[in-house]
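Novice: Next input, structure requested:
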Amino acid sequence: MKSKVVKIYEQGPVSVLKIEESDIKSLNPDEVLIEHSYVGLNFIDINQRNGAYPLKTIPSIMGMEGAGIIVEIGSNVDKFNVGDKVTHCMNLGSYSKFMKLKQDRVIKLKKEVDLKIAAASTLQGLTSQYLVNDSFNLKQQHTVLIHAAAGGVGQILCQWAKKIGAKIIGTVSTKDKEDIAKKNGCSYTINYTEEDFAKTVRLITNDNGVDVIYDSVGKDTFLKGITCLAPKGRIVSFGVSSGPIEPININTLRSFSGSIATGGLNTYIKDSNEMQKNADIFFDMIINNDIKINIDKTFHIDDIQEAQSMLEKRLTKGSIVLEF
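Specialist: So this is what the prediction gives:
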């Protein structure tokens, strides 16, 4: 069997993305074959393509998220059947019409979940799940600062924090994104291109600071963020879209008992039962309309260079999905 794929032979600009036909090998006993209906586009894809994140092997098929239907199962598969609706994330190679995966890397979806929504939100939703429950146990009494509040994870985080009842401050880069952030639950928004977000946070909180900062931006926001943490506050770093974080003096946190946490989704989906449980929590929130997924653009897989360029330039106002 052959499958259309997006492959790179070197890391670099969007021009390194090549569309090809690739052979799909026979299934191992514990594997399933998924026919993707849609695949998700995430910033990790950009970092893997441009070299910010190293890849173990080159050439590689790109992509880290997809949703579709199981069309074949291995002889030892006991969690899935042909025809099941499934999704997955953090599995390199999802920019492929057909993809085989070990069954422990796949999430079963309820029939009410739309595959396009799943492809747009599995990685971001599972990320949000561990951020509000594990990296920092967000409660109603907390004040939270969410960077890139109008981004894919940011929009889900805002809605989740709103459901919890926390007070939300969000940073954005444009007026349009300010409106999106407010729609998703932000009590206050800060356009970081026009004002110093740390000073504004201090004003909003009467100089008390925020209990937690969710930072996916990195270099441009991390060190300044520390200055607007409340006593016992925590900054959670789970991305570096603006570049690597500079070394810091840990003593800057000692005076107010501040803390730093780092986030990596793989830690929370390593166990397949934990992954399925966390996914069920997230998708049930979608089914119950507690969280709505904003899909900004849908591109055909042939237009992958344009899609990645749009995300890399931060021109999106929601999730991007790719279709075959």
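
Novice: check which helix or strand covers residue 161.
Specialist: helix 152-164 (DSSP states H and E).

Novice: So what touches that helix?
Specialist: Helix 152-164 has contacts (CB atoms under 8 Å, 6 or more residues apart in numbering) with 42, 120-121, 124-125, 127-129, 131-132, 138-140, 144, 146-149, 168, 170, 180-181, 184-186, 214, 216, 238-239, 285, 290-294, 316, 318-319. Every C-beta, even on glycine, is put in place using the N, C-alpha and C of the backbone.

Novice: run the last query once more with 7 Å
Specialist: Residues outside helix 152-164 that contact it (CB atoms under 7 Å, 6 or more residues apart in numbering): 121, 124-125, 127-128, 131-132, 138-140, 144, 146, 148-149, 168, 170, 180-181, 184-186, 214, 216, 290-291, 294, 318-319.

Novice: gap between it and the chain center?
Specialist: Chain-centre distance of helix 152-164: 12 Å, with CA atoms, centre = their mean, to the nearest Å.

Novice: for the helix or strand just after that helix, packing partners?
Specialist: The helix or strand immediately downstream of helix 152-164 is strand 167-172, counting by DSSP H and E. The contact analysis (3 or more CB pairs under 7 Å, 6 or more residues apart in numbering; DSSP states H and E) places strand 167-172 against strand 143-146, helix 152-164, helix 175-183, strand 188-191, helix 197-204.

Novice: okay, these in JSON lines with mean neighbour count and distance to residue 250 next?
Specialist: Putting those into JSON lines (neighbours: other CB atoms under 10 Å; distance: least, CB to CB, whole Å) gives the following:
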{"stretch": "strand 143-146", "mean neighbour count": "26", "distance to residue 250": "21"}
{"stretch": "helix 152-164", "mean neighbour count": "25", "distance to residue 250": "26"}
{"stretch": "helix 175-183", "mean neighbour count": "18", "distance to residue 250": "31"}
{"stretch": "strand 188-191", "mean neighbour count": "20", "distance to residue 250": "27"}
{"stretch": "helix 197-204", "mean neighbour count": "18", "distance to residue 250": "19"}
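
Novice: Out of those, which gets nearest to residue 268?
Specialist: Between residue 268 and the helices and strands packed on strand 167-172, the shortest gap by CB to CB is with helix 152-164, which sits at 13.9 Å.
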